[in-house]
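[1] this one's sequence-less:
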């Protein structure tokens, strides 16, 4: 059955309109994937974190134990030996250490676990490059502000976010600041590199 010319024209127009819509839909920039750790993961210990374990309550005082978490994810404590620390929160690690000491070694013991400062790095064309203390809920633009903001030579269109997990994200901070692009979260161990403008 042959299509008459009016139907053929309508069908061709519809197909052309559909292809045009699909083409322009493909031109929209996709959102930057947020592949950093979630907030719960940020609170957990990682290999390389420094952990301080303090003890209170035994008849003979115990000195605090400070150690960086080893490659196997463990720290080693006197009497009880190796304890898995990586992947746990401070509360979870406290509970495990206390359970290993009480009541097998001590009748009464209070364990406190703390970690050293967690940091991220801002390099390149910022006024105060270097290590920055991670205090929670940090975005790329806030991190750059904490490093003194952009220098006069900064290329705000080429800013790299280098994740601790090896992921690299190229960002345009002009788009972030005018609200047309998302402002990704920064996590401990991340690095931000602000490129130099080429004249």
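    Perfect, thanks for sending it. Everything numeric here is computed off the predicted structure, so don't read it as measured data.

[2] need the pLDDT of residue 40.
    Residue 40 carries a pLDDT value of 56.

[3] so that it lines up with my notes, have the first residue be 899 from now on.
    In the new numbering, first residue 899, that becomes residue 938.

[4] please name the nearest non-neighbouring residue to residue 1056.
    Nearest residue to residue 1056, sequence neighbours excluded (Cβ to Cβ, 6 or more residues apart in numbering): residue 1093, at 4.0 Å. Backbone N, C-alpha and C define where each C-beta goes, glycine included.

[5] which SSE is that neighbour in?
    strand 1089-1094 (DSSP states H and E).

[6] and the residue nearest to residue 1056, what pLDDT?
    So, for residue 1093, pLDDT stands at 97.

[7] give the contact list for it.
    Residue 1093 is in contact with 1022, 1023, 1052, 1053, 1056, 1057, 1058, counting by Cβ atoms under 8 Å, 6 or more residues apart in numbering.

[8] just those: which are in helices?
    Under the assignment DSSP state H, the contacts of residue 1093 contribute nothing to helices.

[9] adding distance to residue 1065, write those out as JSON lines.
    Shown next, in JSON lines, are these (distance: Cβ to Cβ, whole Å):
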{"residue": "1022", "distance to residue 1065": "18"}
{"residue": "1023", "distance to residue 1065": "22"}
{"residue": "1052", "distance to residue 1065": "23"}
{"residue": "1053", "distance to residue 1065": "21"}
{"residue": "1056", "distance to residue 1065": "17"}
{"residue": "1057", "distance to residue 1065": "15"}
{"residue": "1058", "distance to residue 1065": "11"}
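
[10] chain center to stretch 1088-1097, what's the gap?
    19 Å (Cα atoms, centre = their mean, to the nearest Å).

[11] any buried residues in it, and which?
    The neighbour-count check on stretch 1088-1097 (16 or more other Cβ atoms under 10 Å) flags 1088, 1089, 1090, 1091, 1092, 1093 as buried.

[12] now stretch 1029-1041
    1030, 1032, 1036, 1038, 1039, 1041.

[13] what segments of the chain are strands?
    948-954, 963-966, 972-975, 979-982, 1008-1013, 1017-1022, 1028-1031, 1036-1037, 1052-1060, 1066-1069, 1083-1084, 1089-1094 (DSSP state E).

[14] thank you kindly, that will do.
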